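Chemist: structure for this input, please:
(chains A and B)
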Amino acid sequence: DGGITQSPKYLFRKEGQNVTLSCEQNLNHDAMYWYRQDPGQGLRLIYYSQIVNDFQKGDIAEGYSVSREKKESFPLTVTSAQKNPTAFYLCASSMGPSSNQPQHFGDGTRLSIL
Amino acid sequence: AQSVTQLGSHVSVSEGALVLLRCNYSSSVPPYLFWYVQYPNQGLQLLLKYTTGATLVKGINGFEAEFKKSETSFHLTKPSAHMSDAAEYFCAVTSNQAGTALIFGKGTTLSVSS
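Modeler: This next block holds a predicted model:
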């Protein structure tokens, strides 16, 4: 079955540590997205990529970095500069940059501070 | 700039009762509108979308929504609630400009009692 796989499901970060969240899709989608979800805040866009080797900052990109070296992969690194990283992180993809295409979501990674 | 307001962070209904979840949007260009559902510790699943054409949109699990341009609304309804409908629901908006990311509302938690 085609879909989006996020790993790990749970992740713990120590002070000063960078951690990387994995997102892989086998839907052959061009566009991929990372969102952060906090209770009562909805989803906020961190980064998105419409094509390989290109990505744009979203509303809350500070303290995060991404890469898009392959079409199927869009890893997110939470750096030590992100002072409040505890949240639920969701990766999504869509067929193309056209905005009438629905986004398909992975099952998320829950990040906590040790 | 686009925005979404979901009225009521928490809605409670009895099993068999009408479900009404409210969503109002702000957009300076014709919007594309989406409703997603999220079960605990999972990603988001598309319920339905409005892009163009018929303003009454039918989705999965018996849900439907009506796009009302004059009221800038896209409320989600279901005639008869089921226990399995208990979840968090998100309304989202984007525009017909290519590459525009989704803007999400803060979500409404639906509780269903027997």
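Chemist: only C-alpha atoms for contact and neighbour calcs from this point on.
Modeler: Will do.
Chemist: so what's the residue positioned nearest the centre of chain B scoring on pLDDT?
Modeler: With distances taken as CA atoms, centre = their mean, residue B:35 lies nearest the centre of chain B, 3.5 Å away. Per-residue confidence (pLDDT) for residue B:35: 97.
Chemist: got the contact list for residue 87?
Modeler: By default, I'm working from chain A. With CA atoms under 8 Å, 6 or more residues apart in numbering or on different chains as the criterion, the residues that contact residue A:87 are A:36, A:37, A:38, A:110, A:111, A:112.
Chemist: hmm, I had chain B in mind actually
Modeler: Contacts of residue B:87 by CA under 8 Å, 6+ apart are B:37, B:38, B:39, B:40, B:109, B:110, B:111.
Chemist: which of those are buried?
Modeler: Buried members of the contacts of residue B:87, scored by 16 or more other CA atoms under 10 Å in any protein chain shown, are B:37, B:38, B:39, B:109, B:110, B:111.
Chemist: name every strand pairing with whichever strand or helix holds the fifth one and say which way it goes.
Modeler: When secondary structure is defined using DSSP states H and E, the element that contains residue B:110 is strand B:108-113. Sheet neighbours of strand B:108-113, with direction, are listed as strand B:10-14 (parallel), strand B:87-95 (antiparallel) (DSSP bridges).
Chemist: export that strand as PDB, just CAs?
Modeler: C-alpha atoms of strand B:108-113 as PDB (Å, rounded to 0.1, in the frame of the first residue of the first chain):
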ATOM      1  CA  THR B 108     -12.600  21.200  17.100                       C
ATOM      2  CA  THR B 109     -12.800  18.100  19.300                       C
ATOM      3  CA  LEU B 110     -16.000  16.200  18.900                       C
ATOM      4  CA  SER B 111     -17.300  14.000  21.800                       C
ATOM      5  CA  VAL B 112     -20.100  11.600  21.300                       C
ATOM      6  CA  SER B 113     -22.000  10.200  24.200                       C
END
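Chemist: check the offset of that strand from the chain's centre.
Modeler: Computed by CA atoms, centre = their mean, to the nearest Å, the separation of strand B:108-113 from the middle of its chain amounts to 14 Å.
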